[in-house]
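Peer 1: Generate a structure from the sequence data that follows.
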Amino acid sequence: MKALPGLLLLLAVTGLRAQTIGNWNFNGSITGSAGIFNTVTTADFSASVPTHAFNGGAEYFGENGWPSGTINSLMYMQFSLAPQAGYQLDISTLVLRLRRSNTGSPAGSGPTGWSLRSSLDGYATNVATGSLTHNYADFTITPGAGFTNIYSAITFRLYGFSASVGSGGSSRLVVDNIRVNGIGYLLPARLGAIACTLNAGKATLSYTVFQSAIYDLHYIERSADGLHFSTIAVINGTNEGRDKKYTYTDDISPLAGAGKLYYRVRLVNSGGAADYSGIASIQVSNTGAAIRTFKNNNQLYINGFFKDGGNYYADIYSTGGQVTERIAFTAMKGYNAFTFNLNKPIPGGCIIKLTGYGGFAQSVYSVTR
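Peer 2: Next up is the predicted model:
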């Protein structure tokens, strides 16, 4: 199914009504409240601001150290928002209620200018700037299209600068409220159906990506039990801007005894958001291969189909019948492949005995390779 057009139609119908996705009221706490689909951090001044304190339990200030000239990159208040896994954020506006201190003669001490910057560009440019007096003002900021499609945490820093201090005054940046408005919503599905076929010892995986993009990474993942997956290949997306079918061929001839194999695709976009496909499986063999053990120089190899999962032991005997080494390991039901480093090489031949769950026992003679 194509998820993008349907989602866009739904959003158009609902009118993309903005909601509060972050709010800090500083009523005796620097903890914020989040939207339904995101989290927020505390909002606090940096360690370079000497004093952080509440005034009457209803406002919060950072005192002293504010530069009389331009921005000091170490002097700021910081707060962050992050979408929950599988969601994205669009920030529409931020509303800052700020003032400088009303202390001093004449009244008014602290920064006379403020600037808001973000982590999107490493705090290099201003999202917005404004002027401060000793009376509260609400500053509404519309950050623009660059603050939509946010897939990971975003941090804002509020800087104070051009500070002046009246006689007997305290240099303070005072914050009454910070509110972030926007939309949090479920990411559109971008992976279509996945299928897998087996031919001549090779598994061919096919899957569809909706709106293929050059910065997409497709992680091809394989599992022997359908639960624990590992990446076997990474494919770069192409800049098609449309639906595209991809294929990947996995040479599974070394896994002929695996019984059944499972595949899935994990798609990661340029913002780091991940989307998973369904799971496709193939039957490699009906009975599974016998467990195979051998050693090569300083390594012991064990692979094959284990009827039962559980704890097993590999005991290595010299031809004289002495146990030279014991290795304990845990196998899961189905196909397993292990490689173990031995403490010392064993010259000549040896006997490898496997014992384990359910009374399993198997001995093989191995010649040094």
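Peer 1: how much space is there between Thr112 and Trp66?
Peer 2: 9 Å (CB to CB, to the nearest Å). Where C-beta positions appear, they are placed from N, C-alpha and C, glycine not excepted.
Peer 1: Tell me which of the two has more neighbours.
Peer 2: Trp66 (25 against 18; other CB atoms under 10 Å).
Peer 1: Look at that one and give its secondary structure.
Peer 2: Under DSSP: H, G, I helix; E, B strand; the rest coil, Trp66 falls in the coil class.
Peer 1: Need the nearest residue in space to it, chain neighbours excluded.
Peer 2: Ala163 (3.9 Å; CB to CB, 6 or more residues apart in numbering).
Peer 1: host element of that neighbour?
Peer 2: strand 154-167 (DSSP states H and E).
Peer 1: Next secondary structure after that strand?
Peer 2: strand 172-186.
Peer 1: sorry, back to before: tell me if I'm right that the residue nearest to Trp66 and Gly104 touch.
Peer 2: No: taking contacts as CB atoms under 8 Å, Ala163 lies outside contact range of Gly104: 11.6 Å.
Peer 1: Compare the two (neighbour count), which wins?
Peer 2: Neighbour count, other CB under 10 Å: between Ala163 and Gly104, Ala163 has more, with 24 against 19.
Peer 1: Look at the more buried one and report its pLDDT.
Peer 2: Ala163 carries a pLDDT score of 97 in this model.
Peer 1: swap in the one 4 residues further on?
Peer 2: Note on Ser167: pLDDT of 94.
Peer 1: surely it meets Gly104?
Peer 2: Yes: at 5.9 Å, Ser167 and Gly104 qualify as touching, with contact defined as CB under 8 Å.
Peer 1: any idea which residue of the protein is furthest from its center?
Peer 2: Taking CA atoms, centre = their mean, the residue of the chain most remote from its mean C-alpha position is Gly320, at 54.3 Å.
Peer 1: Name all residues that make contact with that one.
Peer 2: Contact analysis of Gly320 by CB atoms under 8 Å, 6 or more residues apart in numbering lists nothing.
Peer 1: repeat for Arg264
Peer 2: Ile194, Glu221, Ser223, Phe229, Tyr276, Ser277, Gly278, Ile279, Ala280.
Peer 1: what residues are up against Ser162?
Peer 2: Taking CB under 8 Å, 6+ apart as the test, what Ser162 contacts is Pro67, Ser68, Gly69, Thr70, Pro111, Thr112, Gly113.
Peer 1: Out of those, which sit inside strands?
Peer 2: Pro111, Thr112, Gly113 (DSSP state E).
Peer 1: Leaving out sequence neighbours, find the closest residue to the first one.
Peer 2: Beyond its immediate neighbours in the sequence, the residue positioned closest to Pro111 (CB to CB, 6+ apart) is Gly160, lying 3.1 Å away.
Peer 1: What count of nearby residues applies to that neighbour?
Peer 2: Quick note: Gly160 (other CB under 10 Å) scores 29 neighbours.
Peer 1: Any figure for the gap between it and Gly334?
Peer 2: From Gly160 to Gly334 the distance is 62 Å (CB to CB).
Peer 1: now Lys260
Peer 2: 7 Å.
Peer 1: Kindly point out which residues are neighbours of both of these two.
Peer 2: Ala224.
Peer 1: the more surrounded of those two?
Peer 2: Between Lys260 and Gly334, counting by other CB under 10 Å, Gly334 is the more crowded of the two (20 against 17).
Peer 1: The more buried one against Phe306, yeah?
Peer 2: Yes: under the criterion of CB under 8 Å, Gly334 makes contact with Phe306 at 6.7 Å.
Peer 1: ok so, going back, spit out the contact partners of the residue nearest to Pro111.
Peer 2: Applying CB under 8 Å, 6+ apart, the residues near Gly160 are Gly62, Trp66, Met75, Tyr76, Arg100, Gly110, Pro111, Gly113, Trp114, Leu132, Leu173.
Peer 1: Swap in 10 Å and give it another go.
Peer 2: Residues near Gly160 by CB atoms under 10 Å, 6 or more residues apart in numbering: 45, 49, 62, 65-67, 71-72, 75-77, 98, 100, 110-115, 132, 171-174.
Peer 1: Identify the bridge partners of it.
Peer 2: Trp114 (DSSP bridges).
Peer 1: list residues touching both of Ala163 and Gly104?
Peer 2: Gly110, Ser171.
Peer 1: how far away is the residue nearest the centre of the chain from Ala82?
Peer 2: Residue closest to the average C-alpha location in the chain (CA atoms, centre = their mean): Gly272, at 6.6 Å. Going from Gly272 to Ala82 by CB to CB gives 11 Å.
Peer 1: Spit out the residues that contact these two alike.
Peer 2: Counting by CB under 10 Å, 6+ apart, the residues touching both Gly272 and Ala82 are Tyr151, Ser152, Ala153.
Peer 1: Just the buried ones from those?
Peer 2: Tyr151, Ala153 (16 or more other CB atoms under 10 Å).
Peer 1: Serialize the shared contacts of Gly272 and Ala82 to CSV and add fields for distance to Gly356.
Peer 2: Formatted as CSV, the shared contacts of Gly272 and Ala82 follow (distance: CB to CB, whole Å):
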residue, distance to Gly356
Tyr151, 45
Ser152, 44
Ala153, 46
